[in-house]
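> Structure here, sequence nowhere to be found:
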């Protein structure tokens, strides 16, 4: 087919114009994007070079069974006992989360109903330990996705309360400094953390009253975190779990294993291996980086150019925080996302249901209202988004980053389920907005800046974000390997058989 542009270029070259001057006029979006990819040394595959378990590995298989069992909420009394599981907040068909702004946690009206429609009793109840059930979520932060959790090198959780003390981003291993957790002082390694960040974090949902432990019962009320874990281990030890653990680990030491003073070590390890097997990085973007220009649309390419370019070059500079093949710098930034829900109980001088973010861990004033930069891989399916799950569309998330003040002023409360506590949102979020404004005045490095984009440009960025989705995570047949089959052994008969609001099995 005759190409008028190429013909014109040849004529110009014949007239003596430089190749450099005219090639920029004929570069395609793909050409421009490939230059950026090369300049940033992107491979499209953040899992490359890492030693990660497959879901078929014995420990991952055992971890899946434990992950889906309500026995992990065995530290409560008889009324709450064993009504939630890890999968209650992290189901593979719900983006590795729960598809809710904020998790419901223990004492859900229907324990096996996950996602929209899951709630507490609407009757207001206060228990002796301070647990409050009013129909709204008790868990104060959005459930982070377990997808690609193995690719985090430095921190886990929104505030980074589980963190490597020696490993750097992109490294496959650490310098032996260990892992800090909520069981150890800030900057001090937890000797029971386990071999990696994922095993370390898997020890803590069971110790949270809101998530799995419950608010009642002797262990739940007075026990330490280790007491809770010991209680769970002992409960599992008198079921058929011992045989399952012996088959995987060998010997006759069962659930508790041989690690003195840490009978939860094996439980944490197998849960961690199941989570670490959830590697979903075969995205259209990866295919593009590998050389397939047709892997993503023209709109997505335009969005990518905006994403990677700095503001002085007409871009949105998203890459300043969402960097590398994993699309995160693993650092903490103030973005002033809407503060909905119960918060973490912080007192901002006006209300006591705020959330100070990373400051809660470090005590450093510069960390006030700062939260971890999330990865953007599979972001299309991991909403609602933000540390409190306040946005239910990617477009709204993008627009917030472009102008947080305008986004909060025009926040659409109708996007929230009716039971989510949002009366204090504007007051609490204003403190975060004020902090962001102060950071801008101080010209702190990494501070979010306002950017003006057209509606078309916003839509292009959203299309690029969708190109970061591995098709497997939207395919029930593909995800079946990470969901127990009806024929799998069910050691305690306490498997959570998840259903959605329409009664369909997930």
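Everything's here; your move. These numbers come from a predicted model, not from an experiment.
> What strand or helix carries the nearest residue to residue 118 once chain neighbours are set aside?
Leaving aside its chain neighbours, residue 118 sits nearest to residue 104 (4.9 Å; criterion: Cβ to Cβ, 6 or more residues apart in numbering). The way it works is simple: take the backbone N, C-alpha and C, and place the C-beta from them, glycine included. Taking DSSP states H and E as the definition, one finds residue 104 inside no helix or strand.
> Residue 104: neighbouring residues, count only.
Other residues near residue 104 come to 28 when the count uses other Cβ atoms under 10 Å.
> need the contact list for it.
Applying Cβ atoms under 8 Å, 6 or more residues apart in numbering, we find residue 104 in contact with 88, 98, 118-120, 137-139.
> JSON lines for the residues you listed, including pLDDT and distance to residue 352?
Formatted as JSON lines, the contacts of residue 104 follow (pLDDT from 0 to 100; distance: Cβ to Cβ, whole Å):
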{"residue": "88", "pLDDT": "97", "distance to residue 352": "27"}
{"residue": "98", "pLDDT": "98", "distance to residue 352": "26"}
{"residue": "118", "pLDDT": "93", "distance to residue 352": "26"}
{"residue": "119", "pLDDT": "90", "distance to residue 352": "24"}
{"residue": "120", "pLDDT": "84", "distance to residue 352": "21"}
{"residue": "137", "pLDDT": "93", "distance to residue 352": "17"}
{"residue": "138", "pLDDT": "90", "distance to residue 352": "16"}
{"residue": "139", "pLDDT": "95", "distance to residue 352": "17"}
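> Could you tell me which of those are located in strands?
Members of the contacts of residue 104 lying in strands (criterion: DSSP state E): none.
> I'd like the residues you listed as CSV, with distance to residue 472 appended.
Converted to CSV, the contacts of residue 104 look like this (distance: Cβ to Cβ, whole Å):
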residue, distance to residue 472
88, 22
98, 19
118, 25
119, 30
120, 33
137, 29
138, 32
139, 28
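> Switch these over to JSON lines; also include distance to residue 329 and neighbour count.
Shown next, in JSON lines, are the contacts of residue 104 (distance: Cβ to Cβ, whole Å; neighbours: other Cβ atoms under 10 Å):
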{"residue": "88", "distance to residue 329": "30", "neighbour count": "29"}
{"residue": "98", "distance to residue 329": "26", "neighbour count": "27"}
{"residue": "118", "distance to residue 329": "33", "neighbour count": "25"}
{"residue": "119", "distance to residue 329": "36", "neighbour count": "20"}
{"residue": "120", "distance to residue 329": "37", "neighbour count": "21"}
{"residue": "137", "distance to residue 329": "29", "neighbour count": "28"}
{"residue": "138", "distance to residue 329": "31", "neighbour count": "24"}
{"residue": "139", "distance to residue 329": "26", "neighbour count": "22"}
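> just the residues you listed now: which is nearest residue 454?
Closest approach to residue 454 among these (Cβ to Cβ): residue 98, at 34.3 Å.
> Does the closest one touch residue 89 like I think?
Yes. With contact defined as Cβ atoms under 8 Å, residue 98 counts as touching residue 89 (4.7 Å).
> Show me the common contact partners of these two, please.
Counting by Cβ under 8 Å, 6+ apart, the residues touching both residue 98 and residue 89 are residue 143.
> For this structure, name the helix or strand with the lowest mean pLDDT.
Least confident helix or strand of the chain, by mean pLDDT, DSSP states H and E, is helix 4-14 with a mean of 32.
> Closest one of the contacts of residue 104 to residue 243?
Closest to residue 243, out of all of the contacts of residue 104 and judged by Cβ to Cβ, is residue 88, at 25.5 Å.
> Tell me where this structure has strands.
So, for the chain - with DSSP E - the strands run 125-126, 132-133, 155-156, 162-164, 179-180, 332-333, 371-372.
> Could you list the residues in contact with the fifth one?
Residues from elsewhere that reach strand 179-180 (Cβ under 8 Å, 6+ apart): 162-165, 186-190, 193-194, 196-197, 200.
> Which pair of these spans the longest distance?
186 and 196 (19.9 Å).
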